[in-house]
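A.B. asks: Starting from these lines, generate the structure:
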Amino acid sequence: MAVHPDILGALTTGIQSEVASYVFYTEAAKRADVAEFKAALKQLALEEKRHFHVLERQYDSLIRSEKWISTADILKEEGLPEIGEEMAEKHRPLINEVKKAADKRAVLEIALRLEYEARDHFSAMAKKAETKEAKDTFDYLSKFEQTHVEIIKKMMAGLG
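C.D. replies: Model (predicted):
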């Protein structure tokens with residue numbers, strides 16, 4: 001059975017979202033002047049890169065074999081894909097937004113916006129999913145993004 005174009009489109013949107021978040025967190029970490037804040041941003045960047053890997057592998061599997069892979073199997077794979085400069089360049093407006101951010105709160109507000117967008121996208125796709133594997137994948141990613149929302153809210157609360 002052919003993969004529905006909406007699913008491939010949703011995966012593509014998710015991939016773009018994860019790359020945007022990765023680029024954002026990487027750029028924000030470069031500009032962070034407090035070690036703890038920098039470490040938290042780097043950790044969030046790494047998690048976004050992992051999400052990118054999950055989505056990229058799912059997309060590849062669906063194109064090649066029209067089958068979903070379990071998230072657990074994807075996470076067992078070695079290594080993470082590289083997100084090159086040309087991918088980062090597509091997100092230049094987001095990088096510029098980080099550069100213009102006046103303080104930590106402004107950086108975290110951008111981060112929160114990105115995480116809400118990703119969470120809502122994956123949640124909507126889970127509701128539309130026609131297979132258990134698709135639903136499980138999108139639910140997993142939605143829950144992970146919600147965890148990021150909670151982390152960022154705690155960071156914001158810590159700013160006073």
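A.B. asks: list the buried ones in the longest helix anywhere in the chain?
C.D. replies: When the chain is parsed with DSSP state H, its longest helix is helix 35-65. Going by neighbour count (16 or more other CB atoms under 10 Å), the buried part of helix 35-65 is 37, 40-42, 44-45, 47-59, 61-62. C-beta: built from backbone N, CA, C; applies to glycine.
A.B. asks: now stretch 104-122
C.D. replies: The neighbour-count check on stretch 104-122 (16+ other CB under 10 Å) flags K104, V107, L108, I110, A111, L112, L114, E115, A118, R119, H121, F122 as buried.
A.B. asks: can you tell me which of those are in helices?
C.D. replies: Going by DSSP H, the helices hold K104, V107, L108, I110, A111, L112, L114, E115, A118, R119, H121, F122 from the buried residues of stretch 104-122.
A.B. asks: Which one of those residues is nearest to D139?
C.D. replies: Nearest to D139 out of those is F122 (CB to CB; 7.6 Å).
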